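[1] Okay, sequence plus prediction incoming.
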Amino acid sequence: MTTGTPQIAVTRDAAPPRPGWHVALVRPEAMTLVLLIIGIFAGSQLSEFFLDINYILKSFTISAEFAIVALVLTMVIIAGEIDLSPAASMALSACLFAWAQDAGLGMPLAIAVGLGAGLLMGLFNGVMVIALQLPSIIVTIGTLILYRGLAQVIAGDKSIRVPDWFIGIDKIMVAGIPLPVVIFVVLSLLLGLVLGMTIFGRQIYLIGTNEEAAKHVGIRTRRIKMTLFIMMGLASAVAGLMTASRLGSVRYDLGLGGELQMVLMAMLGGTYIFGGRGTILGTFLAAWLLVIVSTGMIVANVLPAWQLCVLGVLLIVSIIATNFIYSRTQR
Amino acid sequence: MTALGHILRRREAGIALMIVIFCLAVGAYKPQFLTLDSARIILLLTPLIMIGAMGQMLVILARHVDLSMGSMMALAAMASGMMFRYAPDIWWPLGFVLSIGVGMALGLVNGLLVTVFRLPAIIVTLGTLNLYRGLTFIMSDAKQIDRQYVPSALKAMSQTSPILGIPWIIFMSFGVALLTWWFVMHTRLGRQIYALGSNPVAAPLRGIDVTRVTLIVFAISGALSGLAGIMYASRWGFVNPSNTGSGFEFQVIAAVVIGGVSINGGVGTVLGTVLGVLLLGCVAAALPLLGIPGTTQNAIYGSVILAALLIDRLVRLQGQRSMLKGARI
Amino acid sequence: MLKKSMLLGLATSLVLGGAALAQDPLKIVYIGKNTGNPYFDSITGGFVDACASLGCEFEFVAPATAEATSQIPFIEAQIQRGVNVIAIAPNSPDALNQVLEDAKSKGILVLTVNGDVTGNEDKRDASILPVNFDIVGRDQVEMVGSLIGYEGEIAILSATTEAPDQNKWIVGMNETLKSDPKYAKMTLVATVYGDDQPEKSTAEMEALLANFPNLRGVIAPTTVGIAAAAQVVQSRGLAETVKVTGLGLPSEMRDFVKDGTVTAFQLWSPYNQGWLAAHFAKGVLEGTIKNEVGGTFEVPNLGTITINANNMINTQAELTTFNAENIDNFDF
């Protein structure tokens, strides 16, 4: 390591390299995994009806749509932005889809309408945030209200039925696992690979860590962020259609409050709210954690009051642990 | 540049202008909107948000955010509500002490989590939003405090007062705004909040005790949420563990942001926040008057918020352009 | 051969008889719209007392918020718990379709209590309603008419735009106003929606007063709406000119009645609904009551109850009117 060049300033000794097992195990996702295991154990103690794999899978399908969008949301947050409008996008896409097929446009066209709407909504968010440089949290709060309101204008106070053959996506089983869960797992693998292995993924982390520096090294931050917002719109549209299939009808209040659940999944998975850190694996585990915890409490007839408390404490504990692990492993 | 020019260039002028334009537009269609009666209606729709907005403004100025205001409001309101119910002979103004105290304690918990554990406020308060709401349910056994238990004197505060018949609650909300204005303008602590928010890294180097200022800011936010809580009981005559304060934090944040407070901290004025609250109040009062169906009202709300942001952005861009051109302002 | 079959027959009847004797108590669950809602506490009271006297097990659960889909995980959980009866106050007419079908397919008796899944009645076995919803509109119009001298402008302040119960009653109100000459001098000038929120209901009420200065009466068939409207009238001192009525809880309206802001309003007995539902459920599952349209059955304290079209059951025939004379007799 030594050459003839004089050493000028040695700031401090580098920390000794961490052993491989340390890197693999001591990370925020491990905390999520530990909480998940504790949750499963607690659930089994609270109620004899809990440890039924079919029941747990069935419960997951109810949250699967949100979980799928939460995966893309994780990437958005890592890049330093946030999107609070996906649940409203789900509703608007679903309403447009349902209205289109109800008006006789034929299923393929109706689906295209729904997906296209999602794309446009993602585009709109992206333009407001990137081109107009407005803070994403405020923009997406505004579009959250706007999209939900538009869904109300389109669907009014009524439900729009979807054709019978479209209903029941959660009843389709792949090797005994409901289709929505399978979609979630497959998407997690896909996005996990994209985020962890591709240049696109690396760049997302860099943008989130320091956008200015990223720009200076030539990363096309605006293009990448826009891509992410559009992906959010598309994912929301797909999730909206999946929900329409599961419920059998579409109302303007589809997925109401879902954005909070999605953010929770990302946070519990160790994603840092200010960007730069987070993994798909974390969000994947966190989605299961949320489902396990809420299902465990519901099937034990625990009062909603306690469920809220547990959720709140869970979030705080998880974030404390995540921060602790990060500060210990980054030196 | 004349003094008038200076005034017009400011952010607050933009909001004031929006309010005037909006009211005139609505008034052209429905003249009843421009009456004193209508002003009273608008003012009565806003006091709780006004009180909350002052607390939220301070938190956002310090580059944090408080999502738990609604739940703190509910818990504080329920505490007083239960006191009124189980100790009906107690001197009712004690409810103020209790609610504000409870709120302040809850706010301090938020502050401690943020400072001691160095957690992002948005997540901490997301957690406490759920935790405090859950505690409200548990404490009240999921039962609401009915109208008959809320002291009539408390309810009267939202109905009238000896001063021109304007309800006490309106004086209270503007009083809180005035106090906040004095606090940020004329106390060292107030100035420190701005400094902390605009540059948290440099703040300790400037002699600002970051921990102390942060704790105080969250404590104030909690205390004001508590005040809003007991005023909820006054305004509506009941406390419900599920509905009281639900969604409150989002209305408050919308008002604060429309009022020109930057989400990145360090920028914003009390006047702007007051105008932001009033603008939302005008919109809330105008929509039913115009007969706009409930189904479209939310779409309009979202558009108003986005429009306000856009205008703010354009105004700021304009300001930057003039600066870059070297224009003297 | 004969001996063997006799032995088999004896064994079988012993087992069956033993099973009948050792039958588990019926498990009934009532899923409310949301927690913290005083109205459902009353219905639950009826359930609890009935189950105590009938020997059933009863639980009340409810989601934290009253969104359309918030009850789905609860229904799934109750199916998983193996309850025999799911009674529910539905938050949505059709969001629960799939999950209720699931429940029925597992042999669970599905009852909607206090509301119905309009348009999807085949997803539930029967509906226990507080009163015949067809007469509510008519009776509320009569109520407001009697307060304003059957002449003048009236308005309706409802809950959410999609609330099926309120919408049904509003249809009834419109029909009554159009068809009955008794109300010919009354005009319905507006129907507004307060979304069951005090702030919105207040804003809508204020708008009504501002838009229609000659308004004489307001019908608010929702407990949040009538309280908000009454409060507006009280704070503006308009009790003489604007008459507020509708459906309200005695506990919430007591103050307004005592100080004269509200002269009279109506409702029913939530408690009786729970009482009836529990008795009905037990009867159907044990075979003593036949869930058939047109049939009747007896319920202690309530008399003979008829099963109407679409398996709808009305707990009482007419609305109960509350006014200054009787308001202290009720504790809900």
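    Nice, I can see it.
[2] Quick check, C:V232 in contact with C:L209.
    Yes - between C:V232 and C:L209 there is a contact at 7.2 Å, judged by CB atoms under 8 Å. C-betas here are computed from N, CA, C, even on glycine.
[3] Using PDB, write out the CA atom coordinates for stretch A:236-247.
    Extracted C-alpha coordinates of stretch A:236-247, given in PDB (Å, rounded to 0.1, in the frame of the first residue of the first chain):
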ATOM      1  CA  SER A 236     -51.400   2.300  -8.600                       C
ATOM      2  CA  ALA A 237     -53.500   1.700 -11.600                       C
ATOM      3  CA  VAL A 238     -52.700  -2.000 -11.600                       C
ATOM      4  CA  ALA A 239     -53.400  -2.200  -7.900                       C
ATOM      5  CA  GLY A 240     -56.700  -0.300  -8.500                       C
ATOM      6  CA  LEU A 241     -57.800  -2.900 -11.100                       C
ATOM      7  CA  MET A 242     -56.800  -5.700  -8.800                       C
ATOM      8  CA  THR A 243     -58.900  -4.200  -6.000                       C
ATOM      9  CA  ALA A 244     -61.800  -3.900  -8.400                       C
ATOM     10  CA  SER A 245     -61.500  -7.500  -9.200                       C
ATOM     11  CA  ARG A 246     -61.400  -8.500  -5.500                       C
ATOM     12  CA  LEU A 247     -64.300  -6.400  -4.400                       C
END
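[4] Does it reach chain C?
    Yes - interface with chain C: stretch A:236-247 contributes A:R246, A:L247 (CB under 8 Å from any CB of the partner chain).
[5] next one: that stretch to chain centre, how far?
    15 Å (CA atoms, centre = their mean, to the nearest Å).
[6] Stretch C:259-279 too?
    Stretch C:259-279 sits 9 Å away from the centroid of its parent chain (CA atoms, centre = their mean).
[7] ok, now stretch C:314-323?
    Worked out by CA atoms, centre = their mean, stretch C:314-323 lies 12 Å from the chain centre.
[8] Could you do stretch B:289-299 as well?
    In terms of CA atoms, centre = their mean, the centre of stretch B:289-299 is found 24 Å from the chain centre.
[9] secondary structure element for the residue lying closest to B:M139 once chain neighbours are set aside?
    Using CB to CB, 6 or more residues apart in numbering or on different chains and skipping the chain neighbours, the partner closest in space to B:M139 is B:M78 (5.9 Å). Assigned by DSSP states H and E, B:M78 falls within helix B:69-86.
[10] Show me what the helix or strand following that helix is packed up against.
    Helices and strands here follow DSSP H and E; after helix B:69-86, the next one along the chain is helix B:94-116. Judged by 3 or more CB pairs under 8 Å, 6 or more residues apart in numbering or on different chains; DSSP states H and E, helix B:94-116 is in contact with helix B:69-86, helix B:121-140, helix B:210-236.
[11] for the last one, which positions count as buried?
    Judged by neighbour count using 16 or more other CB atoms under 10 Å in any protein chain shown, the buried positions of helix B:210-236 are B:213-236.
[12] Understood, closing this out.
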